[in-house]
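Engineer: okay, here's the prediction I keep looking at, along with the sequence it came from:
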There are 2 protein chains.
Amino acid sequence: MKNFNYNVSTRILFGRGKINEIGKEVKKYGDKVLIVYGKGSVKRNGLFDVIINNLREYGIYVYELDNIDPNPRIDSVYKGAEICRKEGVKLILAVGGGSVIDCSKAIAAQANYCGDIWQDLYVEQKLQDLKSVLPVASVLTLAATGSEMNGNSVISNMHTNQKLAIGHDLLRPVFSILDPEYTFTVNQYHTAAGIVDILSHLFEQYFTPDHDGYLQNRMMEAMMKTVIEYGPIAYQELNNYEARANLMWTSSLALNGMVTYGKVSTDWATHGMEHELSAFYDITHGVGLGILTPYWMKYVLSKDTVHRFVEYARNVWNLSGNDEIELANLAIEKTREFFTSIGIPSTLEEVGIDGSKLEEMAEQATMFGALGCMKKLYKEDVLAIYKMAL
Amino acid sequence: MKNFNYNVSTRILFGRGKINEIGKEVKKYGDKVLIVYGKGSVKRNGLFDVIINNLREYGIYVYELDNIDPNPRIDSVYKGAEICRKEGVKLILAVGGGSVIDCSKAIAAQANYCGDIWQDLYVEQKLQDLKSVLPVASVLTLAATGSEMNGNSVISNMHTNQKLAIGHDLLRPVFSILDPEYTFTVNQYHTAAGIVDILSHLFEQYFTPDHDGYLQNRMMEAMMKTVIEYGPIAYQELNNYEARANLMWTSSLALNGMVTYGKVSTDWATHGMEHELSAFYDITHGVGLGILTPYWMKYVLSKDTVHRFVEYARNVWNLSGNDEIELANLAIEKTREFFTSIGIPSTLEEVGIDGSKLEEMAEQATMFGALGCMKKLYKEDVLAIYKMAL
């Protein structure tokens, strides 16, 4: 096991009715809050009013920043930080999914920062320069990214055509409210995309060529089983509380750091490859991951990596057999069948992607170097996987 | 899934050499520290000097409280609190295992408390009266209790012959240093007892009659597998870093609250029954648990509880078969075999306990009501289990 520093400080208020504690919790940080949200669905479904009314009971002044994009923009960040400085905001409350939370974290960083966080933190990654941030909290409405319990933030800059990420413990939300009922309105398509995203986060951390991280790998298998058990139930019954609850809590635990603290390595090649699909064709992130993952698995399967696939086959899919490569291939098939069962396409063609830009995308995906560790993927490898997926 | 508030705020510094960060970490809280430790093994093995030298580099004044008993006494708590008040101590540093950490937490509570924590908190359980505590940190030297990452504290009062527990989020250590190398000197006997203790904590939270808590139960199975994989390795090779590391990290995660947040119930009957064995015959806690657990399993196995045993059989022991009761019994046998393989006795007789006090112990064990939830155990039930174990 590798050395690590564990620090998961976010408090979670989980379950039905927890939203009624929002005023009491926010008040601990002060009486001026900036609420950040997306395109208004939280206003239409009534959640916004519930929050506002509860905050008012505690005498909290509310400022608003709406219209956050699915790929949150640095321009929204500057706008939010400006409000925080001008009004003396004490806490930023993200109400929404990962995009809104990521944006709120960036606002929290920019509000207290002398200089431009885009250039210093996102571009130049001078994370040691981040000394203090405004506290961020969240009310989660979509189970997928895990942003509600980690310090990650992905921001896009449309002026430079860049989408960049940072991770810093200071950016972990101080608390997050997770009420599974607020995900009942997520439709089948986005529920499926979220399910794939959660599984993919686990795959990226699980599939590594080392023989290390026994406990961590077993915990990830536990989470994969949970997604495989409850994903199809939530997909079929959008209002199934137990299914939504298991998905929601798994999504938070899958990417708060816990399952990789102590592991030697992680992969993240599939996310790197999918990034280009979304960038070039604007397809849904989870759908892109679902298409690519089984092809990536086939491509990186080798004598050196088969042991992890065998663990995956036996412990997640309860498969048995002695031929290791056969077992691995069976598990990969199971993975594809699972994605298909929740309506995820299995080829790029089905989402309108043809062969015309594959080369350019493969170039972009590897512009900062090879991807992954199960097998180092250079441009030709990425291109080969894209072609398998056509 | 049940509503819950998750709050695991302890930072963990895990791995070889992490002790060298002790001065830097302590300094964040002030420059006066009370070091609490046991019977002096940390002085004999050199750990104490390493800590003192590092603290000195940071100009930190050190006060000492030694001689903490395996069952820490309230008298030590009063003594420690007195030092804290008199000297203006800013942080209490526990160096040792669960007993030393539990005692340090109680000192941290008493130091800031107007009144007697024994009567108010441990006896009367008025936990809402605990408003502030001194920060506690720990350097762990034994993998077993999980006290390094939770808010639990068990204290004994020899004047009243009581051993009582409290749990409060304020009592979670602010940080704990976990270096598996500091557990290399734990002998085979106590290594085995620690292994049983970790497994037992998982069993107490896992074996519940409800059909709820899917994710939580899968995570506990992941941890059980880890203990079953690495327990015998650590037992055979006391200096095996990977085995010690997996046990150490599992012990912390197994009882920091994570695996039961959201679960409907927990059991803890076996701990309740073992408590009396230790109280009457002063046997090692983990050994008592190891003797009783398989008998308890047999006793509570029924049509209503078999489903959890079947999950245990299939997911932890990889057993297969269709007869559920048979599967359950096989898994119980496997559990006994595992304990035997690390030198744990299987009868009370082997540790010098005869039938003479069983009735009295059963009476004591149930004096506050029935134990457990897999099956409610009244006095006659506890007596029956003790007799099975003779």
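Structural biologist: Great, that's in hand. All values derive from a computational prediction rather than experimental measurement. Residues are numbered from 1 along each chain as shown, chains lettered A, B, ... in the order given.
Engineer: and the stretch 251-390 of chain A, which residues reach chain B?
Structural biologist: Proximity of the stretch 251-390 of chain A to chain B, by Cβ under 8 Å from any Cβ of the partner chain, involves residues A:253, A:258, A:261, A:262. For every residue, glycine as well, the C-beta is placed using N, CA and C.
Engineer: the last one: what's it in contact with?
Structural biologist: Residue A:262 is in contact with A:1, A:2, A:3, A:4, A:213, A:215, A:216, B:14, B:245, B:249, counting by Cβ atoms under 8 Å, 6 or more residues apart in numbering or on different chains.
Engineer: what about the residues you listed, which one has the most neighbours?
Structural biologist: Within these, neighbour counts (other Cβ atoms under 10 Å in any protein chain shown) peak at residue B:245, which reaches 28 neighbours.
Engineer: tell me the secondary structure for it?
Structural biologist: Classification of residue B:245 using DSSP: H, G, I helix; E, B strand; the rest coil returns helix.
Engineer: with adjacent residues omitted, what lies nearest to the residue nearest to the spatial centre of chain A?
Structural biologist: With distances taken as Cα atoms, centre = their mean, residue A:145 lies nearest the centre of chain A, 2.2 Å away. Residue nearest to residue A:145 in three dimensions, not counting chain neighbours: residue A:98, with 3.0 Å by Cβ to Cβ, 6 or more residues apart in numbering or on different chains.
Engineer: that neighbour contacts residue A:144, correct?
Structural biologist: Yes - counting by Cβ atoms under 8 Å, residue A:98 touches residue A:144, with 6.1 Å between them.
Engineer: before we move on, the earlier item: now for the contacts of residue A:262: which two are most distant?
Structural biologist: Distance extremes for the contacts of residue A:262: the farthest pair is A:3 and A:215 at 14.9 Å, using Cβ to Cβ.
Engineer: ok, the residue nearest to the centre of chain A touching residue A:251?
Structural biologist: Yes - with contact taken as Cβ under 8 Å, residue A:145 and residue A:251 are classed as touching, separated by 7.3 Å.
Engineer: between the two, what contacts are shared?
Structural biologist: Common neighbours of residue A:145 and residue A:251 (Cβ under 8 Å, 6+ apart) are residue A:197.
Engineer: returning to that earlier point: tell me the one of the residues of the stretch 251-390 of chain A next to chain B nearest chain B?
Structural biologist: Taking Cβ to the nearest Cβ as the measure, chain B sits nearest to residue A:262 out of those, at 6.5 Å.
Engineer: gap between the closest one and residue B:246?
Structural biologist: 9 Å (Cβ to Cβ, to the nearest Å).
Engineer: shared neighbours, these two?
Structural biologist: Joint contacts of residue A:262 and residue B:246 (Cβ under 8 Å, 6+ apart) are A:1, A:215.
Engineer: mind giving me the domain split of chain A?
Structural biologist: Domains of chain A are assigned by the TED database as A:11-182, A:187-389.
Engineer: so for residue B:61, which of these sits nearest?
Structural biologist: Once the domains of chain A are compared by Cβ to Cβ, domain A:11-182 is nearest, at 28.1 Å.
Engineer: ok so, going back, and the residue nearest to the centre of chain A, what is it in contact with?
Structural biologist: Contacts of residue A:145 by Cβ under 8 Å, 6+ apart are A:97, A:98, A:101, A:102, A:197, A:251, A:255.
Engineer: so which of the residues you listed sit within strands?
Structural biologist: The members of the contacts of residue A:145 all map outside strands under DSSP state E.
Engineer: who wins for neighbours among those residues?
Structural biologist: Result: residue A:101 is most packed of the contacts of residue A:145 (other Cβ under 10 Å), 32 neighbours.
Engineer: isn't it right up against residue A:136?
Structural biologist: Yes - using Cβ under 8 Å, residue A:101 is in contact with residue A:136, at 7.5 Å.
Engineer: now for the two: what residues contact both?
Structural biologist: Going by Cβ under 8 Å, 6+ apart, residues that sit against residue A:101 and also against residue A:136 are A:94, A:173.
Engineer: need the phi and psi values for residue A:64.
Structural biologist: Dihedral pair for residue A:64: phi -130, psi 140, per degrees, to the nearest 10.
Engineer: so in terms of bridging, what pairs with it?
Structural biologist: Beta-bridge partners recorded for residue A:64 (DSSP bridges): residue A:35.
Engineer: give the contact list for it.
Structural biologist: Contacts of residue A:64 (Cβ under 8 Å, 6+ apart): A:34, A:35, A:36, A:37.
Engineer: for the last one, grab the count of nearby residues.
Structural biologist: The one in question is residue A:37. If we define neighbours as other Cβ under 10 Å, then residue A:37 has 25 of them.
Engineer: next: the first one.
Structural biologist: Burial of residue A:34 is recorded as 26 neighbouring residues (other Cβ under 10 Å).
Engineer: residues in contact with it?
Structural biologist: Applying Cβ under 8 Å, 6+ apart, the residues near residue A:34 are A:62-65, A:80, A:83-84, A:87, A:89, A:91-93, A:107.
Engineer: quick check: the gap between it and residue B:321.
Structural biologist: From residue A:34 to residue B:321 the distance is 58 Å (Cβ to Cβ).
Engineer: for chain B, see how far away residue A:102 is.
Structural biologist: 21 Å (Cβ to the nearest Cβ, to the nearest Å).
Engineer: how about the secondary structure of the residue lying closest to that residue once chain neighbours are set aside?
Structural biologist: Beyond its immediate neighbours in the sequence, the residue positioned closest to residue A:102 (Cβ to Cβ, 6+ apart) is residue A:153, lying 4.4 Å away. When classified by three-state DSSP, residue A:153 comes out as strand.
Engineer: correct me, but residue A:153 touches residue A:166?
Structural biologist: Yes - taking Cβ under 8 Å as the definition, residue A:153 is a contact partner of residue A:166 at 5.6 Å.
Engineer: and the two? Which one has more around it.
Structural biologist: More neighbours surround residue A:153 than the other of residue A:153 and residue A:166, with 28 against 23 (other Cβ under 10 Å).
Engineer: just the pLDDT for the more buried one.
Structural biologist: Here the pLDDT value assigned to residue A:153 is 97.
Engineer: please apply the same query to residue A:45.
Structural biologist: Confidence score, pLDDT, at residue A:45: 89.
Engineer: surely it is in contact with residue A:185?
Structural biologist: Yes - counting by Cβ under 8 Å, residue A:185 is a contact partner of residue A:45 at 5.8 Å.
Engineer: returning to what we had before: max pairwise distance over the contacts of residue A:64: which two?
Structural biologist: The farthest-apart pair in the contacts of residue A:64, when distances are taken by Cβ to Cβ, is A:34 and A:37, at 10.5 Å.
Engineer: pLDDT wise, what is the nearest residue to residue A:186 once chain neighbours are set aside at?
Structural biologist: Leaving aside its chain neighbours, residue A:186 sits nearest to residue A:142 (5.8 Å; criterion: Cβ to Cβ, 6+ apart). For residue A:142, the pLDDT comes out at 94.
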